[in-house]
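# Sequence plus the predicted model coming up.
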Amino acid sequence: MLIDAHGYDFAERALAANNADAPACLQVNTLKTTTDALATALRADGIETQPHPWLPDALLCRGGNLAAARAFADGWFYVQDAAAHCAALVGYLDVQPGDYVLDLCAAPGGKSFAAAVQMRDQGCMISCDIHENKWKRIRAGAERLGLSCISTRTMDARRPDADLVGTMDIVLADVPCSGLGVIRKKPEIRFKDPAALSQLPAIQRDILTGLAPCVKPGGVLVINSSIIDRKAVRDDITVVYCDANGIAESVGNPKGANVAILGALMEKAPVVSNEILGEAIRIELGEKKAKFLEGNMKALEAGEAAARG
């Protein structure tokens with residue numbers, strides 16, 4: 001399928017990348033330190049780093065025992081892939097100190113940490129997971145990082161607690177998925193049971209049904225109508241139904257569904273300009289993938305158009 005869609009050369013590079021060791025991406029806790037100071041501290045512990053090529057306040061490193069570093073114990077950083085951090089940045093673009101933020105399916109906690117840092121540790125960040133052992137890890141991470149605004153609870157995202165209904169400024173749900181995007185870090189994903197994967201769309205739909213009531217009146221909810229066929233039962237929020245998968249196919253960019261969703265969100269909540277988004281996409285693709293820039297920009301613009309109706 002990969003060869004049919006993108007050609008042999010691309011498929012070969014993609015498979016080689018999936019089999020290569022991925023560097024660790026360290027997000028700097030800017031409430032405690034700076035990127036330069038963190039790099040210096042890690043170097044003192046024998047860990048060499050380099051600035052991330054496009055993500056601010058982030059370092060890349062290969063090798064070394066990060067958990068044994070003094071900077072780790074002092075809460076100067078947490079480990080989170082750039083792509084996951086970008087999802088948090090998009091979801092939390094307009095988060096402000098004092099906001100109420102809900103992170104569903106929150107483990108291992110990176111997106112909650114990103115929001116708390118952006119909120120300057122002021123406000124209410126509720127991190128939830130269905131498994132108690134997972135939110136205990138989030139709590140331990142928050143304590144290490146010195147993030148007191150984070151609280152945790154055991155909760156099924158399909159059935160949020162009653163006290164959350166209509167109270168959240170921002171709701172982020174990194175719903176259960178196949179995990180194929182992180183196959184380099186978790187090669188065991190190759191052996192996942194296909195039957196279990198086939199159940200994921202139904203779980204994702206149920207989570208949408210559960211989270212929609214948590215958004216404050218006047219908020220914005222963007223739904224990928226390609227895979228979620230349910231309507232949000234709210235007349236006090238702006239709901240955008242974006243056929244993101246269809247848009248991606250129509251512009252010749254099968255992987256552009258997320259970019260289309262981003263375009264729809266920015267149309268209704270324009271916290272950054274198209275120019276900034278376009279530059280971020282260009283830098284992310286780099287020279288080797290520059291040929292995909294046009295397709296991604298088309299997906300972004302089509303998502304915006306869908307939101308305009």
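All right, it came through fine. Just so you know, these numbers come straight off a predicted model, no measurement behind them.

# which residues of the stretch 51-200 of the chain fall in strands?
58-61, 77-79, 100-104, 124-129, 150-154, 170-173 (DSSP state E, counting those that start in this stretch).

# Can you tell me which of those strands is nearest to Q50?
Taking CB to CB, strand 58-61 is the member of the strands of the stretch 51-200 of the chain nearest to Q50, at 5.4 Å. The way it works is simple: take the backbone N, C-alpha and C, and place the C-beta from them, glycine included.

# just to revisit the earlier point, reformat the strands of the stretch 51-200 of the chain as TSV; add distance to I247, mean pLDDT and mean neighbour count.
Shown next, in TSV, are those (distance: least, CB to CB, whole Å; pLDDT from 0 to 100; neighbours: other CB atoms under 10 Å):
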stretch	distance to I247	mean pLDDT	mean neighbour count
strand 58-61	30	93	20
strand 77-79	33	96	22
strand 100-104	25	90	25
strand 124-129	31	94	25
strand 150-154	35	95	18
strand 170-173	21	83	22
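
# so which of these gets nearest I223?
strand 170-173 (11.4 Å).

# Including distance to K255, could the strands of the stretch 51-200 of the chain go into TSV?
Shown next, in TSV, are those (distance: least, CB to CB, whole Å):
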stretch	distance to K255
strand 58-61	23
strand 77-79	25
strand 100-104	25
strand 124-129	28
strand 150-154	33
strand 170-173	21
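
# Going by neighbour count, list what's buried in the longest helix along the chain.
Looking across the chain with DSSP state H, the single longest helix is helix 293-308. Neighbour counts over helix 293-308 (16 or more other CB atoms under 10 Å) mark G295, N296, M297, K298, A299, L300, E301, A302, G303, E304, A306, A307 as buried.

# which ones are touching the second one?
Applying CB atoms under 8 Å, 6 or more residues apart in numbering, we find N296 in contact with N253, G256, V259, I281, L285.

# Give me the local confidence score for the fourth one.
Put plainly, it is I281. pLDDT for I281: 78.

# which one is it nearest to, not counting chain neighbours?
Using CB to CB, 6 or more residues apart in numbering and skipping residues adjacent in sequence, the residue nearest I281 is N296, 5.1 Å away.

# Give me the distance from the longest helix of the chain to the chain's centre.
20 Å (CA atoms, centre = their mean, to the nearest Å).

# List just the nearest of the buried residues of helix 293-308 to L59.
N296 (26.1 Å).

# Return the distance of the closest one relative to A107.
Noted for N296: a distance of 29 Å to A107, by CB to CB, to the nearest Å.

# same thing with N245?
27 Å.

# Between these two, which is the more surrounded one?
A107 (22 against 17; other CB atoms under 10 Å).

# all helices of this structure, in order?
2-6, 8-19, 35-44, 70-73, 82-91, 110-118, 132-145, 194-198, 200-211, 244-250, 257-268, 274-285, 293-308.

# from the ones you listed, which stretch is densest packed?
Highest mean neighbour count of the helices of the chain: helix 110-118, a mean of 26 (counted as mean count of other CB atoms under 10 Å).

# what's the angle between it and strand 100-104?
Using axes from the mean of the first three to the mean of the last three CA atoms, to 10 degrees, one finds that helix 110-118 and strand 100-104 are set 170 degrees apart in direction.

# show me what contacts the residue lying farthest from the centre of the chain?
Largest separation from the mean C-alpha position in the chain: A44, at 31.3 Å (CA atoms, centre = their mean). Contact analysis of A44 by CB under 8 Å, 6+ apart lists R70.

# I'd like the distance between it and A37.
11 Å.

# From A299, how far out is L277?
With CB to CB as the criterion, L277 and A299 are 11 Å apart.

# Return the residues in contact with the closest residue to G64 other than its chain neighbours.
Closest residue to G64 apart from its sequence neighbours, by CB to CB, 6+ apart: I47 at 3.6 Å. Shown in contact with I47 (CB under 8 Å, 6+ apart): C61, G63, G64, N65, L66, A69.

# can you check D103 too?
K111, S112, A115, M125, I126, S127, C128, L172, D174.

# could you give the angle of the longest helix of the chain to helix 274-285?
140 degrees.

# Residue ranges in the stretch 101-250 of the chain under the pLDDT threshold?
Residues of the stretch 101-250 of the chain that meet the criterion pLDDT under 70 lie in 176-192, 194.

# Tell me which of the contacts of I47 has the lowest pLDDT.
Within the contacts of I47, pLDDT is lowest for G63, at 76.

# give the contact list for it.
Counted by CB under 8 Å, 6+ apart, G63 has contacts I47, E48.

# Nothing else from me, thank you.
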